[in-house]
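J.: sequence first, then the predicted structure:
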Amino acid sequence: AQSVTQPDIHITVSEGASLELRCNYSYGATPYLFWYVQSPGQGLQLLLKYFSGDTLVQGIKGFEAEFKRSQSSFNLRKPSVHWSDAAEYFCAVGTSTSGTYKYIFGTGTRLKVLA
Amino acid sequence: EPEVTQTPSHQVTQMGQEVILRCVPISNHLYFYWYRQILGQKVEFLVSFYNNEISEKSEIFDDQFSVERPDGSNFTLKIRSTKLEDSAMYFCASSEGAGGSGYTFGSGTRLTVV
């Protein structure tokens, strides 16, 4: 069965430090992969996506993610974190059996940024 | 930037009552979805909707749930007889295509069943 694992429930980094959020997926075919961010009181905002091509994808807000098929991973990175990046981050895999894609989400990683 | 709008942001209802959660998807989007997130748990797929019919639904989406697009702009989720375990954040989303390029989510309706 398809699944997404985000091993880190909470991560704390200092402002200006680099960030890597881990995501592992289980999916039989070539996955459609996404990272979403949820700020308090807000909906889920799409940061970036991957479904083919270059395995390093760039997203909004300076985020990037790298797809590694051999490791079944799609880790999110940012070279220098800003205080406004404090939020919850969700990795998801898109699956389709009906022609419409549904997403399977990980449990999320809550990022805290220290000033 | 276009948004998916959900109302109300928070709803409290008594067990056994019917609730309708409302969503206004982005106007040129054709695919619509509902997800929910029980406190402390994963965001879970409930249902997808296209061309005025359900494309796919999860095991959670039983006979107590229904969706409707009553006019050209609204998309609703109805829970016929709410249970305590229906308490969750419900997210509506829409996409222009079939969802492979990502959805736009609304900010959610927090449903509390007492």
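T.: Done, it's in. Numbering: from 1, shown residues only, chains lettered A, B, ... in the order given.

J.: what about the residue nearest the centre of chain B, helix or strand, and which?
T.: Nearest to the geometric centre of chain B sits B:Trp34, at 3.2 Å (Cα atoms, centre = their mean). In this assignment (DSSP states H and E), B:Trp34 forms part of strand B:31-37.

J.: what sits closest to the closest residue to chain B within chain A if chain neighbours are left out?
T.: Going by Cβ to the nearest Cβ, chain B is nearest to A:Tyr101 of chain A, at 3.3 Å. Every residue, glycine included, has its C-beta placed from N, CA and C. Spatially, and ignoring its direct neighbours in sequence, A:Tyr101 is nearest to B:Gly99 (3.3 Å; Cβ to Cβ, 6 or more residues apart in numbering or on different chains).

J.: wait, what's in contact with the residue of chain A most remote from its centre?
T.: For chain A, the largest distance from the centre (Cα atoms, centre = their mean) belongs to A:Ser98, which lies 24.6 Å off. By Cβ atoms under 8 Å, 6 or more residues apart in numbering or on different chains, A:Ser98 lies in contact with B:48, B:55-56.

J.: helix, strand, or coil at it?
T.: Reduced to three states with DSSP: H, G, I helix; E, B strand; the rest coil, the structure at A:Ser98 is coil.

J.: show the pLDDT at the residue nearest to B:Pro8 when sequence neighbours are not counted.
T.: Distances taken as Cβ to Cβ, 6+ apart put B:Thr109 closest to B:Pro8, at 6.1 Å, once the chain neighbours are dropped. We have a pLDDT of 97 for B:Thr109.

J.: is it true that B:Thr109 touches B:Thr7?
T.: Yes - in terms of Cβ atoms under 8 Å, B:Thr109 counts as a neighbour of B:Thr7; the distance is 7.3 Å.

J.: can you give me the strands in chain B?
T.: With DSSP state E, the ranges of strands along chain B come out as B:5-7, B:10-13, B:19-24, B:31-37, B:43-50, B:53-57, B:65-68, B:75-79, B:88-95, B:104-105, B:109-113.
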